[in-house]
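[1] sharing a model prediction with you, sequence too.
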Amino acid sequence: MTINHSAVSERVYPAQSIDWLKRLIGFDTVSRHSNLVLIEDVQAYCEQLGLAVDLTFNEAKDKANLFVTVPAGKNADELNGGLVLSGHTDVVPVDGQEWTTEPFTATIRGDKLYGRGACDMKGFIACALALLPQAVKLSNSGLLNRPIHLALSFDEEVGCLGAPLILEDLKARNIEPNYCIVGEPTNMAMVVAHKGIAVYRCRVHGKSAHSSLTAQGVNAISYASRLVGYVDELAEEISHRDDNDDLFDVPYSTLSVGTIQGGTATNIVPNLCEFTFDYRNLPHMTQNDILTPIKAKVAELSVQMQTRAPETGIELLQEENVPAMTDNDSAELQAMIAALTNDDNRHKVAYATEGGQFTNAGIPTIICGPGSIEQAHKADEYVKLTEIEKCDQFLRKLLSSCATN
């Protein structure tokens, strides 16, 4: 079945994937909201196809991951091995953005489909869901040689919080997939590695005093500014390391101060200043590469502060930690994807995904999905319909490669 948007184009596009994408966009799954309506809808669809669905919930039970397997052959117990198609169900907020269309109602204009999550990343999920009936048919006829798994997670946009629960559940059930494809938007190019991201909050506790009596206080903003300056110096230093990787769009690890706040009035020596910074590391670098020198600087500044007031000091707190995705063990998967796409190019990117969590779990992973990351998180987010078409074709080829001819 196909759909022809002849009013705007003579091109014919896949109806099932577009219909699914419209349906998914209609669910407001901004990370601060529940995703259960979407998950329950997909669960019902999978169960109608005769598939057993496994859910893992967050502590509040208002969000869930979904994992479902189309088993190899006719044996429903053949769940091990196989290929995971992975996507996150949450999207970023639309607050403060000026949309020309309703963000949670899919709108097609020309060759683009607009809506929150169109490219990041409900487009890939839609294509994967549209593929399931064909996969089930192959499985029921005994022609599917390896399982096809679908993994849908919650809270990727706020620190990749859902995927670890999926991986823990798979380990408990002794399910060990051979490969994973994360369908983040890459314009259907193959991304083989990405940086990790760690977010830190630094709290500088000073001592208040009247600004005419500065010697009686410890200025939290002043000491925070010294540490901010040091973070910037360290960022410059790591950008010139000999082991940087030119295959990345930004070929070095980065440090960036993002927010800062402190003080109550100009005539009061401030007793508190907070700032946040993030570290985006190349896969071969660790958090200790920057934490060791930063902690040493924190200790040095804290001693200076405490010589004036012992109750002062500096706290360093970690708020997010998403591991980098490496290409160390994915050569076989890369070769398979290159053959299916007729594109042998490998890409590495600065943004983080759940791919790092899969590779950390020992599952070789690549990223490949419809749409451009440049459209993600913006007003009037869109995916080109040609990208959905490419993704459909890619997944059909992938399914054929897992089946007996």
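    Structure received. This structure is a prediction, so every number in the text was calculated from the model and none was measured.

[2] which parts of the protein are helices?
    Counting by DSSP state H, the segments of the chain that form helices are 15-25, 36-48, 122-140, 163-172, 220-238, 288-306, 331-341, 355-360, 385-401.

[3] helix 122-140 and the first one, what's the angle between them?
    This points to helix 15-25. On the basis of axes from the mean of the first three to the mean of the last three Cα atoms, to 10 degrees, helix 15-25 is oriented at 130 degrees to helix 122-140.

[4] how far does helix 15-25 sit from the chain's center?
    21 Å (Cα atoms, centre = their mean, to the nearest Å).

[5] go through the helices of the chain and name the closest to Thr266.
    Thr266 sits nearest to helix 220-238 of all those, at 11.2 Å, using Cβ to Cβ. In short, each C-beta sits where N, CA and C put it, glycine included.

[6] just checking, what packs against the closest one?
    If you count contacts as 3 or more Cβ pairs under 8 Å, 6 or more residues apart in numbering; DSSP states H and E, helix 220-238 packs onto strand 196-205, strand 254-262, strand 272-281, helix 288-306.

[7] for these, which one sits closest to Asp95?
    From those, taking Cβ to Cβ, the stretch that ends up closest is strand 254-262, at 17.1 Å.

[8] if we can go back for a sec, Glu156: which of the helices of the chain is closest?
    Per Cβ to Cβ, nearest to Glu156 of those: helix 163-172, 7.0 Å.

[9] how about the closest one: buried residues?
    163-167, 169-170 (16 or more other Cβ atoms under 10 Å).

[10] mean confidence (pLDDT) on that helix, please.
    For helix 163-172, the mean pLDDT works out to 97.

[11] cool, and stretch 271-284?
    97.

[12] now that stretch: buried residues?
    271-283.

[13] can these go into a markdown table with extra columns for distance to Glu381?
    Formatted as a markdown table, these follow (distance: Cβ to Cβ, whole Å):
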| residue | distance to Glu381 |
| --- | --- |
| Asn271 | 42 |
| Leu272 | 37 |
| Cys273 | 36 |
| Glu274 | 31 |
| Phe275 | 30 |
| Thr276 | 26 |
| Phe277 | 27 |
| Asp278 | 23 |
| Tyr279 | 27 |
| Arg280 | 23 |
| Asn281 | 28 |
| Leu282 | 28 |
| Pro283 | 28 |
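
[14] from those, which is closest to Ser139?
    Nearest to Ser139 among those, with distances taken as Cβ to Cβ, is Pro283, at 35.3 Å.

[15] for the nearest residue to Thr326 once chain neighbours are set aside, what are its contacts?
    Distance criterion Cβ to Cβ, 6 or more residues apart in numbering; nearest residue to Thr326, sequence neighbours excluded, is Pro283 at 4.4 Å. Counting by Cβ atoms under 8 Å, 6 or more residues apart in numbering, Pro283 touches 193-196, 324-327.

[16] now the buried members of these.
    For the contacts of Pro283, buried by 16+ other Cβ under 10 Å: 193-196, 324-327.

[17] dump those residues to a markdown table, plus distance to Pro133 and pLDDT.
    Formatted as a markdown table, the buried ones among the contacts of Pro283 follow (distance: Cβ to Cβ, whole Å; pLDDT from 0 to 100):
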| residue | distance to Pro133 | pLDDT |
| --- | --- | --- |
| Ala193 | 33 | 96 |
| His194 | 32 | 96 |
| Lys195 | 37 | 97 |
| Gly196 | 37 | 96 |
| Ala324 | 36 | 96 |
| Met325 | 30 | 97 |
| Thr326 | 34 | 95 |
| Asp327 | 33 | 94 |
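
[18] let's have these in JSON lines, adding distance to Leu234.
    Listed next are these as JSON lines, based on distance: Cβ to Cβ, whole Å:
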{"residue": "Ala193", "distance to Leu234": "23"}
{"residue": "His194", "distance to Leu234": "22"}
{"residue": "Lys195", "distance to Leu234": "16"}
{"residue": "Gly196", "distance to Leu234": "17"}
{"residue": "Ala324", "distance to Leu234": "19"}
{"residue": "Met325", "distance to Leu234": "24"}
{"residue": "Thr326", "distance to Leu234": "23"}
{"residue": "Asp327", "distance to Leu234": "27"}
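
[19] quick check, nearest of those to Asn65?
    Once Cβ to Cβ is applied, the member of those that ends up nearest Asn65 is Met325, at 19.0 Å.

[20] just checking, the closest one touches Ile181?
    No: using Cβ atoms under 8 Å, Met325 makes no contact with Ile181, being 12.0 Å away.

[21] what do these two both touch?
    Residues touching both Met325 and Ile181 (Cβ under 8 Å, 6+ apart): 365, 367.

[22] which ones are touching the residue most central in space within the chain?
    Nearest to the geometric centre of the chain sits Thr353, at 3.0 Å (Cα atoms, centre = their mean). With contact set as Cβ under 8 Å, 6+ apart, Thr353 has these partners: 156, 160, 182, 184, 194, 322, 325, 367.

[23] same thing but at 10 Å, please
    86, 88, 121, 156, 160, 163, 182-184, 186, 191, 194, 197, 322, 325, 365, 367, 369 (Cβ atoms under 10 Å, 6 or more residues apart in numbering).

[24] what's the PyMOL line that selects buried ones from those?
    To isolate the buried subset of the contacts of Thr353 in PyMOL, counting by 16+ other Cβ under 10 Å, use the following:
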select buried, resi 86+88+121+156+160+163+182+183+184+186+191+194+197+322+325+365+367+369
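
[25] thinking again about what came up before, how about the helices and strands packed on helix 220-238 in TSV, adding distance to Ala126?
    Shown next, in TSV, are the helices and strands packed on helix 220-238 (distance: least, Cβ to Cβ, whole Å):
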stretch	distance to Ala126
strand 196-205	27
strand 254-262	33
strand 272-281	29
helix 288-306	39
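
[26] which stretch among those comes nearest Gly117?
    strand 196-205 (20.8 Å).

[27] mind saving the C-alpha coords of that closest one as PDB?
    C-alpha atoms of strand 196-205 as PDB (Å, rounded to 0.1, in the frame of the first residue of the first chain):
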ATOM      1  CA  GLY A 196      30.300  10.700  25.700                       C
ATOM      2  CA  ILE A 197      28.800  13.500  27.800                       C
ATOM      3  CA  ALA A 198      29.100  14.300  31.500                       C
ATOM      4  CA  VAL A 199      27.400  17.300  33.100                       C
ATOM      5  CA  TYR A 200      28.700  18.700  36.400                       C
ATOM      6  CA  ARG A 201      27.300  21.300  38.900                       C
ATOM      7  CA  CYS A 202      29.900  23.300  40.900                       C
ATOM      8  CA  ARG A 203      28.700  25.000  44.100                       C
ATOM      9  CA  VAL A 204      31.000  27.500  45.700                       C
ATOM     10  CA  HIS A 205      30.100  28.300  49.300                       C
END
